[in-house]
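> here is a sequence together with a model predicted from it:
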Amino acid sequence: MLSLGSQGPQVAELQRRLAQFHLYYGPVDGEFSTDVTIAVHRFQWLRNVDESPGVYGPATRAALEAETTASDPARP
């Protein structure tokens, strides 16, 4: 589970996946910021994911991974 304040490569992957949906436009820096929280919450709302708003838990991860790829060649 990832949330505000989390850091690392898993967060960077999340940022890339959210960017594929045009929900996140910030840097891919591995920092779970307020902007990432908002993007996760928007994705949850769009896909009707029943999980704590803005928290990247198992349900959100499964939904996002089902619709995106692990890396986007357009983003480093």
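That came in fine, so what should we check first?

> how about stretch 7-27, which residues are buried there?
Applying a neighbour-count criterion of 16 or more other CB atoms under 10 Å, one finds V11, A12, E13, L14, Q15, R16, R17, L18, A19, Q20, L23, Y24 buried in stretch 7-27. Just so you know, the C-beta spots here come from the backbone N, C-alpha and C atoms, and that holds for glycine as well.

> CA atoms of the one helix or strand the first one maps to as CSV?
Read it as V11. Element membership for V11 (DSSP states H and E) is helix 9-20. Extracted in CSV, the C-alpha atoms of helix 9-20 (Å, rounded to 0.1, in the frame of the first residue of the first chain):
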residue,chain,number,x,y,z
PRO,A,9,10.6,2.9,-7.4
GLN,A,10,7.0,1.7,-6.8
VAL,A,11,5.8,5.3,-6.5
ALA,A,12,7.7,6.1,-9.7
GLU,A,13,6.0,3.3,-11.5
LEU,A,14,2.6,4.6,-10.2
GLN,A,15,3.4,8.0,-11.4
ARG,A,16,4.2,6.6,-14.9
ARG,A,17,1.0,4.6,-15.0
LEU,A,18,-1.1,7.6,-13.9
ALA,A,19,0.6,9.7,-16.6
GLN,A,20,-0.7,7.2,-19.2
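
> what sits against the residue nearest to A12 when sequence neighbours are not counted?
In space, A12 comes closest to G30 once its chain neighbours are excluded; the distance is 4.2 Å by CB to CB, 6 or more residues apart in numbering. By CB atoms under 8 Å, 6 or more residues apart in numbering, the residues touching G30 are Q7, G8, P9, V11, A12, Q15.
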